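> Structural data only, the sequence is not supplied:
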């Protein structure tokens, strides 16, 4: 009887996807659920060209509003692969055409599942929240399958690869880039801690999530880059055997990366009663972020002739200008050992000035950002004060 109920709920959920946006609902409405976790995939689907995708975004293709939880959840179920994961770089809230839905259904058996670009853990988190609010058995079943997929993807060393199963090349490295490992771990920690959206989860999966988080913290500590014995930050990806920093795409050099370091530190600061080595890791990373903070420079987008590149179109260029009043800024990559900002293009040659990289790559990546600013200025001092108070007790 239970399997029959799940099948019926699945049919009803998929039927919701076939209803036009804004059509009347006879079921109880649900509170809106944040869809921010899908923005990266939606951006890639809508704005970055890739002819290998099994469906392409149409010009001006609409998307469901946050209030349309049932329609979005139905899309998530539609895209879920037989192995429990999801393909990357599609827009979960998109209002799909009948032809697009048919193409998705035709690819269900593919093993193209990837955590890249904040994928899979965002679907799992959304379904957990949807089930907690709406109680649809199909949402719970899909969420459990996605959670099991994430747990199965964890490597013996505690890390997570960019893609699963059977990753190759840099996709097999321990990956922090694009929200991979920390995105997974934040969801697993929520599940392990019994956050409200997970209060329905069974004890076995909760315990597995707790164990996965514990092993991952050990992996993170092993990956932290030391220079002359001093703790710094982390690379976008690390070797799955040696834990050493590793390059990925041609323009992603083995380096120390403030954006990923910021996400890692925030996750480590979530640990209750952190042990001494976690505190040292956090403090070491914060000290490094403070040392490499840039001042007196600003990044500008300036008009430029429209150019068609392989993945994107740009009618602008990116330049770095001197500005004594500019707010703090960090480069995306720092050279290990010198702490100099480094850049690379399609030739994978290390350069020390963004202007020396071809325009296609200058306009195709975020080379500077303020990612660590709030962490360094407010979050870490508050965390330090909190744990210091705990130590005094």
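Structure's in. What do you need? If you're wondering where the values come from, they're calculated on a predicted model, not measured in any experiment.
> For the closest residue to residue 177 other than its chain neighbours, the count of nearby residues, please.
Of all residues not flanking residue 177 in the chain, residue 236 sits nearest, at 3.8 Å (Cβ to Cβ, 6 or more residues apart in numbering). The C-beta positions use only the backbone N, C-alpha and C, and glycine is treated the same way. Residues near residue 236, counting by other Cβ atoms under 10 Å, number 29.
> same thing with residue 266?
18.
> Quick check: which helices or strands does the longest strand anywhere in the chain pack against?
Ordering each strand of the chain by length in residues (DSSP state E) puts strand 297-308 first. Judged by 3 or more Cβ pairs under 8 Å, 6 or more residues apart in numbering; DSSP states H and E, strand 297-308 is in contact with strand 313-322, helix 359-362.
> which one of the ones you listed is the most hemmed in?
Of the helices and strands packed on strand 297-308, the one with the most neighbours on average (mean count of other Cβ atoms under 10 Å) is helix 359-362, at a mean of 19.
> chain center to the next helix-or-strand element following it: distance?
Using DSSP states H and E, the helix or strand that follows helix 359-362 in sequence is strand 368-369. Taking Cα atoms, centre = their mean, to the nearest Å, the mean C-alpha location of strand 368-369 is offset from the chain mean by 17 Å.
> Next secondary structure after strand 368-369?
helix 373-374.
> ok, and what's touching whatever helix or strand comes next after that next one?
Next helix or strand after helix 373-374 toward the C-terminus (DSSP H and E): helix 380-392. The contact list for helix 380-392 (Cβ atoms under 8 Å, 6 or more residues apart in numbering) reads 265, 269, 273, 274, 279, 282, 283, 286.
> pLDDT check: weakest of those?
The member of those with the lowest pLDDT is residue 273, at 93.
> Can you show me the helices along this protein?
2-17, 39-47, 69-79, 98-105, 121-134, 137-153, 181-193, 203-223, 258-268, 276-291, 359-362, 373-374, 380-392 (DSSP state H).
> Turn these into TSV, columns for distance to residue 172.
Output for the helices of the chain, formatted as TSV (distance: least, Cβ to Cβ, whole Å):
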stretch	distance to residue 172
helix 2-17	33
helix 39-47	21
helix 69-79	24
helix 98-105	27
helix 121-134	19
helix 137-153	11
helix 181-193	13
helix 203-223	14
helix 258-268	18
helix 276-291	24
helix 359-362	24
helix 373-374	33
helix 380-392	32
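> and residue 333, which of those helices is closest to it?
Nearest to residue 333 among the helices of the chain is helix 258-268 (8.8 Å), distances taken as Cβ to Cβ.
> ok, back up a step: determine which of the helices of the chain approaches residue 300 most closely.
helix 359-362 (11.7 Å).
> Can you list the helices and strands that that closest one packs against?
Partner elements for helix 359-362 (3+ Cβ pairs under 8 Å, 6+ apart): strand 297-308, strand 313-322.
> Quickly list the domain ranges of this structure.
What automatic domain parsing lists as the domains of the chain is 2-223, 234-393.
> Residue 80: which of the helices and strands packed on helix 359-362 is closest?
Nearest to residue 80, of all the helices and strands packed on helix 359-362, is strand 313-322, at 31.8 Å by Cβ to Cβ.
> Name the residues that touch stretch 51-64?
Residues contacting stretch 51-64 (Cβ under 8 Å, 6+ apart): 21, 42, 45-46, 71-72, 75, 87, 89-91, 93-97, 100, 103-104, 106-107.
> Now residue 324: closest residue in space, sequence neighbours ignored.
Counting by Cβ to Cβ, 6+ apart, the nearest residue to residue 324 once its immediate chain neighbours are dropped is residue 296, at 5.4 Å.
> neighbours around that neighbour, how many?
Neighbour tally, residue 296, other Cβ under 10 Å: 12.
> Return the residues in contact with it.
Residue 296 neighbours (Cβ under 8 Å, 6+ apart): 322, 323, 324, 326.
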